[in-house]
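> Next input, structure requested:
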Amino acid sequence: MVVAICDDDLRELSILRTYLEEYRTPLGEHLILDSFQNGIGLIQALKSKQYDLLIMDILMPVMTGMEAAQEIRINNDYTPIIFLTSSSEFAVESYRVRAYDYLLKPIDRKLLFSALDHISTEQTFQNDSLAIKTPKTMMIIPFSQIEVVEINNKTLQFHLSNGSIKSVNGKLSDYEDFLLQRKEFIKVHRSYIVNMNLMQSFSNQSFLSLSGLSIPISRNVLRDVKETYVSFLRDVVH
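A predicted model of the protein is given here:
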């Protein structure tokens, strides 16, 4: 997890850094830390670097932490923000910039670690799962369970490894870029994306999934699909 910490008080910044250097994520990983003494420096850094978490003091000169958060939220609506402050008067305002948490100084190590645990767990879950939104609900499906994604008319069908199907209205392009960022997924036809981890055989016409689905391969991409699949299997074996 890559974390930016921002506090104009060098002593408070040192204490916070010490705590964070002690912390390990639920998976045992160390945090990677960048320190800033003002919100302007943090905002500049965000133009070229992505962070998994921002921890900011609220009461800072020139630009307060709240003002920095408002500026950050213009282009970044997803990175969690934890505010640190010696006063509770900004609690309500912190929710307007969708702060993840609001911790009072002096920093309580246990409360800080608890918040970090929750954020780390949520991000790990999100990285391993696909969120599918519908007008009435949201489905969370682990990537490891998605065998095939198929577009049929205007209905997207997610074929899962247990044989079930989750259907939503939409286009394949709604999820295509996100799926294809992962090495196990490949587009084999204008209507199909498959998870190569869950294929049991390959021919010049189709893939056969572990659950028995036959997925056609377009002749236009057959050569590329074959090369990609062979390379993928080689990586899995080694």
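> wait, residue 157 sits on residue 165?
Yes - taking CB atoms under 8 Å as the definition, residue 157 is a contact partner of residue 165 at 5.3 Å. Where C-beta positions appear, they are placed from N, C-alpha and C, glycine not excepted.
> quick one: which of the two has more around it?
Just comparing residue 157 and residue 165: by other CB atoms under 10 Å the higher neighbour count belongs to residue 157, 14 against 10.
> can you pull the contacts of the nearest residue to residue 1 once chain neighbours are set aside?
Spatial nearest neighbour of residue 1, chain neighbours left out: residue 52 (4.5 Å); criterion: CB to CB, 6 or more residues apart in numbering. Contact analysis of residue 52 by CB atoms under 8 Å, 6 or more residues apart in numbering lists 1, 2, 3, 79, 80, 119, 123.
> now that we're looking at residue 52, how far away is residue 116 from it?
Note on residue 52: its distance to residue 116, by CB to CB, to the nearest Å, is 10 Å.
> Mind listing the shared neighbours of these two?
What both residue 52 and residue 116 touch, as defined by CB under 8 Å, 6+ apart, is the set residue 1.
> Helices along the protein, start to end?
10-22, 39-46, 65-75, 91-96, 109-127, 173-180, 222-237 (DSSP state H).
> burial count for the nearest residue to residue 77 once chain neighbours are set aside?
Nearest non-adjacent residue to residue 77, counting by CB to CB, 6+ apart: residue 98, 7.3 Å away. Residues contacting residue 98 under the criterion other CB under 10 Å number 13.
> Which positions in stretch 142-150 come out as buried?
143, 145, 146, 147, 148, 149, 150 (16 or more other CB atoms under 10 Å).
> how far does that stretch stretch from start to finish?
17 Å (CA to CA, to the nearest Å).
> now stretch 89-106
Termini of stretch 89-106 sit 16 Å apart (CA to CA).
> Touching it from outside, list them.
Here stretch 89-106 has contacts from 12, 15, 53, 58, 66, 69-70, 72-73, 77, 80-88, 111-112, 115, 119, using CB under 8 Å, 6+ apart.
> repeat that with 6 Å
58, 66, 69-70, 73, 80-84, 86, 111, 115 (CB atoms under 6 Å, 6 or more residues apart in numbering).
> for that stretch, which positions count as buried?
Within stretch 89-106, the residues scored as buried using 16+ other CB under 10 Å are 90, 94, 97, 99, 100, 101, 102, 103, 105.
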